[in-house]
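Chemist: Predicted model and sequence follow; I will ask about them next.
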Amino acid sequence: MLRSCLKLSLSVDNPSCLWGRVVRGLGGDAETAVQYDRLLAQMNLFYHDVTQDLRKLKPTSLEEGQVCVVYWSVMKSWCRAVVESIIMGSVSCQARCLLVDHGERLVVSSDQIRVAVQNFLQLPFWVRRFHLAGLKPATLRVSVFEEMAELISSSQWDSSATLYLHNLLQASTRTEAVLLESESDSTSIQLYLTVGNVKICVNDDLVVKKFAFYIRESADGGQLDEVDQCPVMLSSSILKQLSPSRTLCTAANMPTAQTQPPPGKRTDSHMFQHMHGHQQEELTDCQPEETASATITCTGLDGHASTTTTQLVVHFDPRRSGILVHSALPVEPCSCLDDAPVTDTLRRVLQRKQYNSLSPADRYSWPAVARGCNTVIVSPNADQPLSYLAPLLTHILLNSIFTSLTSSAGPIAVLLCPGWEKVQAVYDLLDETKVAHTLHPFVVLLGIGKDEAKTIRIPKNCLLLVTTPFSLVRMLSCHCFLFLRLYHLVLDEADQLFTLAPEQMATILQHYQKVTSSEQKASCPQQLIAVAKRWTSHMEGLLANHMPHPCIVLTVPEEAALYGNIHQIILMTLESSKISVLLSSLDFNPDVGQKTLIVANSAQEVENVFKAVSNKSAFCLMTHEGLTHDFDFVIQQWRKDIGPGTHLILVTTNECLRCFGIRDATCVVHFSFPTSPKVFGSRLFCMAENFRDLSEWVPSLDQSESSLSLTKSVLLISERNARHVVGVLRFLIRTNAPLPSELLSFAQGVHTAREDQKTTRPLCKHLKSFGVCRDSSVCPDRHRFIPRLDQSVLPASGVIEVVPLYIKTASVFYGCIIRKEEGGFHSLLSEMTSYYADKKPGAKELLEGELYAVEEDEVFYRVKILSVPDKGDRLFFSVLARFIDVGKEEEVKSHQILQLPEQFHSLPGQAVEIILCRVKPVDKETEWHPKVPCPPSHFYTQTHKHITTYSVMGFLLIDPQVRVSQVPGMKTVINEYNVQSEILKTGMGVSNPEHLNLLRALWQKSNTDSYKEAGNTSG
């Protein structure tokens, strides 16, 4: 028996059915009001959201016991509810519902009922069902023949008992209860009320007032005895005959969020069930007229059970979902893979690749690509070739391939990728699509070797070429006649192509324009597709000069804002002066009508801003999370047409702004700083209807000038915005807006501070190998030297001898330095071999950072465990280990790891990272092409090398690296070849003369900064 004292807020159906909300429990396990207030706010924001698709939110049918969300007009709020019964009308369908968080009942029409989203079912129902413990209803039986009346037990409560209990609750000033036993659908309680200055036990009072009997088993068992107790009595004058404010009806048992549905029972949520089979007692005078059968279902939103199916075609504006589509021709989006414009063969390939659902960019871009339109796609998944290959290949196979048969030789489509790795990935994907027998795709990756471009041979049956801009330009210089039927040009990751190879892209586009503009090719299909993650200024020229009648799809709101060419204004201010700076930035008497959004951070901030702005403007609206019931009025006022000289202003929060679906604003004022570029972009997308439209580009008109006068963004930055300023600043730099110098210096300081926090990260591999990192702002590794961490004990200069152990890349390998005065490493190897000759004890426990041993090819190596996975119930698993005497990192099976005795721990790891200087990959690649290590591979198989070293900073930098061999029987040595020269001969590498200078400068700067920090600390 659970005995816990709680405070309750109660509503009564009868003494055996009280609906209560736990307000406070001494055990501390009661759900807090804060959680439910937050839930209520989230539900109101969601169901008041005008951008939601009501077809998905309205239930297709209603059944008794169904959990749903209904609108309660009294509270002007959406609430969780359970359908108790259904009322069929001639025009509409209504439902009688129990509000499971409020204990109220109401009848609502079907158009005020919504589907309960799973996110709003996480908290249990706040209202629970209770019953008074140990009581049996009593009723008065009148005998006509004997002319007498007596009290007897009954199966249902008399209406007078329910009215008395209701009035008692109304007169009480304090309600408390002791929980006794919890059953499946109800909890028995001992109820205490404070009326006046007297506390009474309601259970006892109902017995004294002859409304109930105690339940007590007699000695002979089974029968009920009336127990005479005399609790504190109340005079009847204390209670007033109040008209109850709520209908007194006995309800069906309430479902609970913590029970699972029994087998065979229907449920609308895995967290809720409707318990049937319990006896219901109803007061006929308060029950509305309902359908006789409890199994009647209300189907359809109009309240009628529909027997015919009507196909409803709704033209959905993509801007409501944050998608910008500008197209010279109408675009009908595809909804799923089944109706996508791709061949059946490609559809099966997509399904095999688990590409079952289409992204928003796919739905709008695939019809345009398959139709042969010039298309620009900016989306988060633009780096996935499947996002454009399927409709492109469909169009080529069904249209272009027949035109090409009568034309000259050469590929009809060229797919440009930013690097050799992406080229290989696209080619492998083309091979999986089973189009090789038709299109015969071919990969071309050319270096800068002499006559390499001249010797390349493209197969005559090749229709699709995959390459990089650099390689294509080299081919055009020698074989431009092979590209006279170039109908399709695809730019994969176009933003990277224009950033890394702007000159090469200009040459390629010029050739494409010459080929497609000739009169002979006027009837041939011509298509240019640009796919990117980010919008760049180069794409504006691409659309204007090379893509007539394009389709432009942008599914990233912040990139769409850049495309829209919004005028950005940045204002630096103190937090205390933000409102005055805000007012000075607004034009309250504009020449043309304007709609301005002011986005604040909280309800209180909204109130403060609205108070200040409303004193200046007669057309000012306000809303926040506490005013969700005003959303309909606010959006109605906002959508009204405004005339010249009118400035409509709406002050709201970021959460409420998402619910309005506003897309026609002309100005957005960021009174509260956006926490991320994504939030910043979603705010700017509220001006989407006023963005410039480059699909209807008219060269005679200066569209950039007109767009600047339509859309404007005002960003207020104060001292409180330090945490988020760097991320938004990267976005602002791309807008070419003038940035305050103090903002730039502050951002630089934040960037430096973040670099200082990377002490546990390794030094950037690109910084070590090539002297620079392509983008240090997003690279997770360290980009500055820390003297106390990077100070090395390796030789600073001179000629050393090493044994190459493990080749990592063409310019990076691990080796062991040979020191004549030391023989510890060879002694260690021999001792480990002798130790494990007799026994090979397996590791008892694998711990990260500890040393163990592994045998490979009858040689024992020391390894350091880098990570141990959660093995669960698995007996065998693998761990990531680093061979500290070799340098490589690889997965090792757990049962192969041996325990390493302590005597083998003292010698430090012998593998030294050795980096070849003054050479880097060609064409601004970040990784070496696979064929580059081939010439040095023979060099690395030698046992000993003589290497000249010039600089060491925690790793070994060598320049040059020369293979040296000794003439047998003589002291003469021969320098066979220089490794740098061999790499350059492959054509896939170029000289990098600034490599050492950049590293030395970075090392000196780090030392200088360390001395300054030490001086400041001591001072």
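Modeler: Yep, that arrived.
Chemist: Would you give the sheet partners of the helix or strand containing Arg114, along with the direction of each?
Modeler: Taking DSSP states H and E as the criterion, the element that holds Arg114 is strand 113-115. Sheet pairing of strand 113-115 (DSSP bridges) gives strand 67-72 (antiparallel).
Chemist: How about residues contacting the partner strand?
Modeler: 43, 47, 59, 62, 77-83, 95, 97, 99-100, 102, 104, 106, 108, 112-117, 120-121, 255, 267-269, 272 (Cβ atoms under 8 Å, 6 or more residues apart in numbering). Where C-beta positions appear, they are placed from N, C-alpha and C, glycine not excepted.
Chemist: Also stretch 36-43?
Modeler: With Cβ under 8 Å, 6+ apart, stretch 36-43 has contacts from Val69, Ser77, Trp78, Cys79, Arg80, Asp101, Asn119, Phe120, Leu123, Trp126, Glu625, Thr628.
Chemist: which among those gets closest to Lys808?
Modeler: Checking these against Lys808 with Cβ to Cβ, the nearest one is Asn119 at 47.1 Å.
Chemist: can you map out the strands along the stretch 751-900 of the chain?
Modeler: Remark: strands assigned in the stretch 751-900 of the chain by DSSP state E, counting those that start in this stretch are 798-807, 812-818, 851-856, 859-867, 878-883, 889-893, 897-899.
Chemist: With mean neighbour count as extra columns, can I get those in a markdown table?
Modeler: Conversion of the strands of the stretch 751-900 of the chain to a markdown table gives the following (neighbours: other Cβ atoms under 10 Å):
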| stretch | mean neighbour count |
| --- | --- |
| strand 798-807 | 16 |
| strand 812-818 | 20 |
| strand 851-856 | 17 |
| strand 859-867 | 17 |
| strand 878-883 | 20 |
| strand 889-893 | 14 |
| strand 897-899 | 18 |
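Chemist: Tell me which helix or strand in this structure has the weakest average pLDDT.
Modeler: Ranking every helix and strand in the chain by mean pLDDT, DSSP states H and E puts helix 934-940 at the bottom, with a mean of 45.
Chemist: how about Leu710, what does it touch?
Modeler: Thr666, Met687, Asn690.
Chemist: Now a PyMOL select for only the buried ones of those residues.
Modeler: In PyMOL syntax, the buried subset of the contacts of Leu710 is picked out as below (16 or more other Cβ atoms under 10 Å):
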select buried, resi 666+687+690
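Chemist: List the ones among the contacts of Leu710 that fall in helices.
Modeler: Residues of the contacts of Leu710 located in helices (DSSP state H): none.
Chemist: Please report phi then psi for Glu181.
Modeler: Torsion angles at Glu181 (phi, psi; degrees, to the nearest 10) stand at phi -140, psi 140.
Chemist: close enough to count as contact, it and Ser188?
Modeler: Yes. Between Glu181 and Ser188 there is a contact under Cβ atoms under 8 Å: 4.8 Å.
Chemist: if I look at those two, which residues touch both of them?
Modeler: Ala133.
Chemist: Specify which residue of the two has the higher count of neighbours.
Modeler: More crowded of Glu181 and Ser188, by other Cβ atoms under 10 Å: Ser188, with 21 against 12.
Chemist: Domains in the protein, by residue range?
Modeler: According to the TED database, the chain is divided into the following domains: 1-49+56-216, 318-555, 578-695+710-716, 798-1004.
Chemist: Quick one: those as TSV, columns for distance to Pro787 too.
Modeler: Putting the domains of the chain into TSV (distance: least, Cβ to Cβ, whole Å) gives the following:
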stretch	distance to Pro787
domain 1-49+56-216	50
domain 318-555	34
domain 578-695+710-716	35
domain 798-1004	8
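Chemist: Ok, which of the ones you listed comes nearest Ser776?
Modeler: Across the domains of the chain, closest to Ser776 is domain 798-1004 (Cβ to Cβ), at 11.4 Å.
Chemist: Could you dump the strands of the stretch 751-900 of the chain into JSON lines and include mean pLDDT and distance to Val581?
Modeler: Shown next, in JSON lines, are the strands of the stretch 751-900 of the chain (pLDDT from 0 to 100; distance: least, Cβ to Cβ, whole Å):
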{"stretch": "strand 798-807", "mean pLDDT": "76", "distance to Val581": "60"}
{"stretch": "strand 812-818", "mean pLDDT": "81", "distance to Val581": "53"}
{"stretch": "strand 851-856", "mean pLDDT": "92", "distance to Val581": "61"}
{"stretch": "strand 859-867", "mean pLDDT": "91", "distance to Val581": "51"}
{"stretch": "strand 878-883", "mean pLDDT": "92", "distance to Val581": "54"}
{"stretch": "strand 889-893", "mean pLDDT": "91", "distance to Val581": "54"}
{"stretch": "strand 897-899", "mean pLDDT": "92", "distance to Val581": "64"}
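Chemist: among those strands, which is nearest Leu999?
Modeler: Nearest to Leu999, of the strands of the stretch 751-900 of the chain and by Cβ to Cβ, is strand 812-818 at 14.2 Å.
Chemist: thinking again about what came up before, Gly372 is nearest to which of the strands of the stretch 751-900 of the chain?
Modeler: Closest to Gly372 of the strands of the stretch 751-900 of the chain, according to Cβ to Cβ: strand 812-818, at 46.3 Å.
Chemist: Format the CA atom coordinates belonging to that closest one as PDB.
Modeler: Taking Å, rounded to 0.1, in the frame of the first residue of the first chain, the C-alpha atoms of strand 812-818 are listed here in PDB:
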ATOM      1  CA  VAL A 812      55.000  11.400 -45.800                       C
ATOM      2  CA  PHE A 813      56.400   8.200 -44.400                       C
ATOM      3  CA  TYR A 814      57.500   6.800 -41.000                       C
ATOM      4  CA  GLY A 815      61.000   5.600 -40.500                       C
ATOM      5  CA  CYS A 816      63.500   4.700 -37.800                       C
ATOM      6  CA  ILE A 817      66.600   6.900 -37.400                       C
ATOM      7  CA  ILE A 818      69.800   4.900 -37.300                       C
END
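Chemist: Determine the set of other helices and strands touching that strand.
Modeler: Other elements packing on strand 812-818 under the criterion 3 or more Cβ pairs under 8 Å, 6 or more residues apart in numbering; DSSP states H and E are strand 798-807, strand 912-916.
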